[in-house]
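Chemist: here is a sequence with its predicted model. Questions after.
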Amino acid sequence: MEANQSRAPWNKGKLVGQKPPLKPKDIWAIRIHLQNEHRARDLAMFNLAIDSKLRGCDLVNLHVRDVTHGNQILPRAMVVQRKTQRPVQFELTEPTRSAVLAWIELAKLRPEHYLFPSRLAKSPHVSTRQYARIVHQWVAAIGLDSTVYGTHTMRRTKATLIYKRTKNLRAVQLLLGHAKLESTVRYLGIEVDDALEISEQTEI
């Protein structure tokens, strides 16, 4: 009994729960940092992660052919999610298309290649664990606490911004590839955010 009482809780000192999305100023800070460091792969990965809203496992499994047609980067792409086996579409904005094209040309990637090949011989592409470490590096580079953010930060960022600007839950549900609207509500933490927003706008 005493041993159990002295054992530290598994989550002591750790932040649990939803990873917060990045703010627009954070997105630009990371982009500028990666551009200044001439990190073509990371800039392509970061921009694509924001635009695609894909889970880490789907992002690292992308092939060049998933986002290209001939020598052109597609303005829209579609992939089947590994977790749900449901197709999901996403847009590639102009900055993302430019960054992805620059990376493909620099790395001399062909359509059948993984978009983000691993530098380790035992893995054909960047692993989800590597991707998580890369995300932590990005946020730490601009002075954010890397323990607070994670790969789901990348998935949630644009979805959260779209919801805040449009309040269109159905659109966000489709973009995230959720089967149920309740999943989207829970994922975005909308009830809490909206309740606080209403409260702030209510004067007594």
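Modeler: Received it, and whenever you're ready, just let me know what you need.
Chemist: got the phi/psi numbers for Y114?
Modeler: Backbone torsions for Y114, taken as degrees, to the nearest 10, come to phi -70, psi 140.
Chemist: number of nearby residues for it?
Modeler: 17 (other C-beta atoms under 10 Å). Just so you know, the C-beta spots here come from the backbone N, C-alpha and C atoms, and that holds for glycine as well.
Chemist: dump the residue contacts of the residue nearest to it when sequence neighbours are not counted.
Modeler: Leaving out its chain neighbours, the residue that sits closest to Y114 by C-beta to C-beta, 6 or more residues apart in numbering is H125, at 3.9 Å. Counting by C-beta atoms under 8 Å, 6 or more residues apart in numbering, H125 touches V60, N61, Y114, L115, F116, P117, S118.
Chemist: so where does the residue nearest the centre of the chain fall, helix or strand?
Modeler: Residue closest to the average C-alpha location in the chain (C-alpha atoms, centre = their mean): M154, at 2.3 Å. For M154, the host element (DSSP states H and E) is helix 151-166.
Chemist: flag the shaky bits of this protein, pLDDT-wise.
Modeler: The chain contains residues with pLDDT under 70 at 1-17, 190-204.
Chemist: for it, which segments count as helices?
Modeler: Here the chain has its helices, by DSSP state H, at 2-6, 24-36, 40-52, 56-60, 94-107, 128-141, 151-166, 169-176, 181-188, 190-200.
Chemist: CSV please, covering the ones you listed and showing distance to Q18.
Modeler: CSV is the format used below for the helices of the chain (distance: least, C-beta to C-beta, whole Å):
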stretch, distance to Q18
helix 2-6, 29
helix 24-36, 16
helix 40-52, 17
helix 56-60, 15
helix 94-107, 25
helix 128-141, 15
helix 151-166, 7
helix 169-176, 14
helix 181-188, 8
helix 190-200, 10
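Chemist: identify, out of these, the most deeply packed stretch.
Modeler: helix 40-52 (a mean of 23; mean count of other C-beta atoms under 10 Å).
Chemist: which other helices and strands contact that helix?
Modeler: The contact analysis (3 or more C-beta pairs under 8 Å, 6 or more residues apart in numbering; DSSP states H and E) places helix 40-52 against helix 24-36, helix 56-60, strand 87-91, helix 94-107, helix 128-141, helix 151-166.
Chemist: out of the ones you listed, which is closest to I50?
Modeler: With respect to I50, and counting by C-beta to C-beta, the nearest of these is helix 151-166 at 5.4 Å.
Chemist: next, the angle helix 128-141 makes with the closest one.
Modeler: With axes from the mean of the first three to the mean of the last three C-alpha atoms, to 10 degrees applied, the angle from helix 151-166 to helix 128-141 works out at 60 degrees.
Chemist: show me what helix 151-166 is packed up against.
Modeler: Judged by 3+ C-beta pairs under 8 Å, 6+ apart, helix 151-166 is in contact with helix 40-52, helix 56-60, helix 128-141, helix 169-176, helix 181-188.
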